[in-house]
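Enquirer: any chance you could fold what I've pasted below:
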Amino acid sequence: MTNQQKEWLNKEKNLLSDIRESKSDNRELRRKSIYLDKQLQEAISELPEKSDINGLKSRINQHEKTINELNEELDIAKDLIEQKGYREKELSKELNDLKSLIRELEETNTNLTEENESYQILLQEKTLSGELMHHPILQSIDKIEKATDTDVSVNEESTISEQSKDATLCDELSNVQNLSVFDKDPKIARYENEIKSKK
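Expert: You can find the predicted model right below:
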């Protein structure tokens, strides 16, 4: 698993945690709303049935003030619940987007792996058939080796040349296999096109 995938998974876990926290806050706000309604009913029930007019008016005004305060708190609680609902929807959407992106990354990684394996197989086939020996790099190395061996006998020169080619072929195969699939040498690009045409 790549670092990017781990980062996305951690972000997904954080989003799930935020969603759970949002749901918990919603439950707390609903509980508070019920409590406020209960307090309102108790305040109303405490109104005296018989009292002097002035005292009754004073109690009524006090209860009205309390009712207004409770209504304001209730409105605030409702707004918070609504905001939490919107936030929860946004988090759910972002979580789905992250899951979709992770799936795309996994598919891309699988395709790159398959393409690399096919490229390695084709490279081995071309090497065994001798086509890789015509690569400009190998030809340049071969010319340099021949220039340094001018004082050696014909038989010795032939033997050394064959050994150098074998060694160079192995080294070049190792170097080419370590190349990225995005290094677009003309020869390599042609091999990739052949791979795609066979799929």
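
Enquirer: quick one: low-confidence parts of the protein?
Expert: Residues of the chain meeting the criterion pLDDT under 70: 1, 4-5, 46-53, 126-199.

Enquirer: break it down into its domains, please.
Expert: Listed domain ranges for the chain are 3-115, 130-198 (source: automatic domain parsing).

Enquirer: what about the helices in this structure?
Expert: Here the chain has its helices, by DSSP state H, at 3-45, 53-128, 136-148, 154-177, 186-198.

Enquirer: mind checking how far residue 73 is from residue 3?
Expert: Remark: distance between residue 73 and residue 3 (Cβ to Cβ, to the nearest Å) = 47 Å. All C-beta atoms are positioned from the backbone trio N, CA, C, and that covers glycine.

Enquirer: tell me which of those two has more neighbours.
Expert: residue 73 (15 against 7; other Cβ atoms under 10 Å).

Enquirer: list the contacts of that one.
Expert: 32, 36 (Cβ atoms under 8 Å, 6 or more residues apart in numbering).

Enquirer: again, only this time at 6 Å
Expert: residue 36 (Cβ atoms under 6 Å, 6 or more residues apart in numbering).

Enquirer: now do it against residue 21, distance only.
Expert: Counting by Cβ to Cβ - residue 73 and residue 21 are separated by 22 Å.
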